[in-house]
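Peer 1: The following block contains a protein sequence and its predicted model.
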Amino acid sequence: MTASALAPTPGLRPRNPNFSSGPCAKRPGWSLEALQDAALGRSHRAGIGKAKLADVIERSKRVLRMPADWRLAIVPGSDTGAVEMALWTLRGVDLLAWESFGEGWVTDVVKQLKLPDVRTLQAAYGELPDLAQVDFDRDVVLTWNGTTSGVRLADGAAIPADRQGLVICDATSAAFAMDLPWDKLDVVTWSWQKVLGGEGAHGMLALSPRAVERLESYTPAWPLPKVFRLTSKGKLAEGPFKGETINTPSMLCVEDAIDGLRWAEEIGGLDKLIERSENNLAAVAGWVARTPWVDFLAVRPETRSCTSICLRIVDPAITALDDEAQAAVPKKIASLLEKEGVAFDINGYRDAPPGLRIWGGATIDTADLEALLPWLDWAFDRARSELKLAA
Ligand SMILES: Cc1ncc(COP(=O)(O)O)c(C=O)c1O
């Protein structure tokens, strides 16, 4: 196909071209004005600072419908910090991984902590490990939504409510967009930079009563740096769970987190957040069903993520190419759309199979995703032409 025979650019453009999987798009209508009440230049230990930090904790619990007996802390190091705190202070030994972030937690437990008696249950990109093989009487580490493969757990059915072990769940790209079954989980982590469109740097660590019990009864064999310490004299350190953070947070980020949570409450809470995200997935699924060149990376429809929507290119002329040539196609699509100002940051994750990753979390308006879809067709044609690939 010659350049002149290429389809014209679609008429509509997404109002907001930010489709990154983290940091994710700010909520609709966000501007810097939202931060004007930030407690800047004040101590985070002053009344005003502590109240704002406690507000983030309380609002998060309410919006997420977290059971009253769970504890929630703001911790350093974004989601990574929260997961690492759990891994270093608890005992994850059955490790589930189906993409890059889950694999990262496996590396930590196996190569850094060197825990004995570890079992790793891994699956290829697009799949889930066989959950029937997991022994939930052991402590399990899993990532609810694999952000780099777009594969999520459909529900918590495989996890027994009366298990002996703890379930440590990295839920950073699931919280606020998916229904988390609190009775099936013991440690849940996320960061502000994902579904509510907040900023990076701060993590949230939620603990069930059984996780607290474990923390108070188990002393790891290794020294713990101050930023990982959750207990003091054998008891849960109360401070981080009421807004007295271990170290200094950014009060600008805190204000922004409150803004995101207020927005969540205003639009109708968790149900509405989930609905917005599922609508985004449905819009993409409709397009995938009528578009021969593309498919979901997730093999089973019920495991398709509604936040990190990962797509692979299945056009036979492309799949016949070697890996490098295949990877050039989504890269080109992403760069063409970036140049047009239509979509930013939608090339797949660096460790994932080549493809596109489009964020569909709650801050994304479905109308923007719908406006993007014809642009993907446009960019695919143009990429083929520019890369001189057969149509
Ligand atoms: C599943 C998962 N875990 C961990 C992280 C790391 O998060 P952060 O950079 O907020 O620490 C990410 C980031 O995208 C993620 O998607």
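Peer 2: Now that the structure is in, tell me what you want to look at. Numbers count the residues shown, from 1 in each chain.
Peer 1: Let me see the contact set for residue 175.
Peer 2: Taking C-beta atoms under 8 Å, 6 or more residues apart in numbering, we find residue 175 in contact with 64, 188, 190, 194, 195, 204. C-beta: built from backbone N, CA, C; applies to glycine.
Peer 1: Tell me the confidence at the closest residue to the ligand within the stretch 101-250 of the chain?
Peer 2: Closest contact between the stretch 101-250 of the chain and the ligand, by C-beta to the nearest ligand atom, is at residue 147 (3.1 Å). Residue 147 carries a pLDDT value of 98.
Peer 1: and it, backbone torsions?
Peer 2: phi -70, psi -30 (degrees, to the nearest 10).
Peer 1: Near it, how many other residues are there?
Peer 2: If you count neighbours by other C-beta atoms under 10 Å, residue 147 ends up with 29.
Peer 1: Phi first, then psi, for residue 122.
Peer 2: phi -110, psi 150.
Peer 1: separation between the residue of the stretch 101-250 of the chain closest to the ligand and residue 295?
Peer 2: Noted for residue 147: a distance of 19 Å to residue 295, by C-beta to C-beta, to the nearest Å.
Peer 1: same thing with residue 318?
Peer 2: 12 Å.
Peer 1: Looking at the two, which is more packed in?
Peer 2: residue 318 (22 against 17).
Peer 1: quick one: pLDDT of the more buried one?
Peer 2: Reported pLDDT for residue 318: 95.
Peer 1: Same question for residue 1.
Peer 2: 47.
Peer 1: and what of residue 35?
Peer 2: Residue 35 is given a pLDDT of 98.
Peer 1: Likewise for residue 7?
Peer 2: Per-residue confidence (pLDDT) for residue 7: 84.
Peer 1: list the contacts for it?
Peer 2: Residue 7 sits next to 377, 378, 381 when contact means C-beta under 8 Å, 6+ apart.
Peer 1: Could you give the secondary structure assignment for the second one?
Peer 2: It stands for residue 378. Here residue 378 is recorded as helix under DSSP: H, G, I helix; E, B strand; the rest coil.
Peer 1: Please give the number of neighbouring residues around it.
Peer 2: Residues within reach of residue 378, counting by other C-beta under 10 Å, total 20.
Peer 1: tell me the contacts of the residue sitting nearest the centre point of the chain?
Peer 2: Residue closest to the average C-alpha location in the chain (C-alpha atoms, centre = their mean): residue 173, at 1.7 Å. By C-beta under 8 Å, 6+ apart, the residues touching residue 173 are 21, 22, 144, 145, 147, 194, 195, 305, 307, 308, 361.
Peer 1: 6 Å instead?
Peer 2: By C-beta atoms under 6 Å, 6 or more residues apart in numbering, the contact list for residue 173 reads 145, 147, 194, 307, 308.
Peer 1: Can you get me the centre-to-centre distance for stretch 175-192 and its chain?
Peer 2: 11 Å (C-alpha atoms, centre = their mean, to the nearest Å).
Peer 1: swap in stretch 167-183?
Peer 2: Averaging C-alpha positions (C-alpha atoms, centre = their mean) puts stretch 167-183 9 Å from its chain's average.
Peer 1: Spell out which parts of this protein neighbour the ligand.
Peer 2: 22, 78-80, 101, 143, 147, 170, 172-173, 191, 193, 200 (C-beta under 6 Å from any ligand atom).
Peer 1: For those residues, which single residue is the most surrounded?
Peer 2: Busiest of the residues of the chain next to the ligand [other C-beta under 10 Å] is residue 173, holding 32 neighbours.
Peer 1: In terms of pLDDT, where does that residue sit?
Peer 2: On pLDDT, residue 173 comes in at 98.
Peer 1: can you offset everything so residue one is 175?
Peer 2: Understood, numbering begins at 175; the last thing we discussed is residue 347.
Peer 1: Secondary structure element for it, which one?
Peer 2: Element membership of residue 347, judged by DSSP states H and E, is empty: it is in no helix or strand.
Peer 1: so what's residue 292 up against?
Peer 2: 267, 283, 284.
Peer 1: on that earlier part again, which of the residues of the chain next to the ligand fall within strands?
Peer 2: Using DSSP state E, the subset of the residues of the chain next to the ligand located in strands is 317, 344, 365.
Peer 1: surely the second one meets residue 317?
Peer 2: Yes: counting by C-beta atoms under 6 Å, residue 344 does reach residue 317; the two are 4.3 Å apart.
Peer 1: What's the separation between the nearest residue to residue 453 once chain neighbours are set aside and residue 450?
Peer 2: Spatially, and ignoring its direct neighbours in sequence, residue 453 is nearest to residue 540 (4.7 Å; C-beta to C-beta, 6 or more residues apart in numbering). Computed with C-beta to C-beta, the distance linking residue 540 and residue 450 is 7 Å.
Peer 1: More neighbours: these two, which one.
Peer 2: When residue 540 and residue 450 are compared for neighbours, residue 450 comes out ahead with 22 against 18, by other C-beta under 10 Å.
Peer 1: Can you name the residues that contact the more buried one?
Peer 2: residue 536.
Peer 1: how much space between it and residue 211?
Peer 2: 26 Å.
Peer 1: Residue 357 contacts residue 335, correct?
Peer 2: Yes: if you go by C-beta under 6 Å, residue 357 and residue 335 touch, sitting 5.2 Å apart.
Peer 1: where do the helices sit along the stretch 225-374 of the chain?
Peer 2: Counting by DSSP state H, counting those that start in this stretch, the stretch 225-374 of the chain has these helices, from start to end: 252-263, 274-281.
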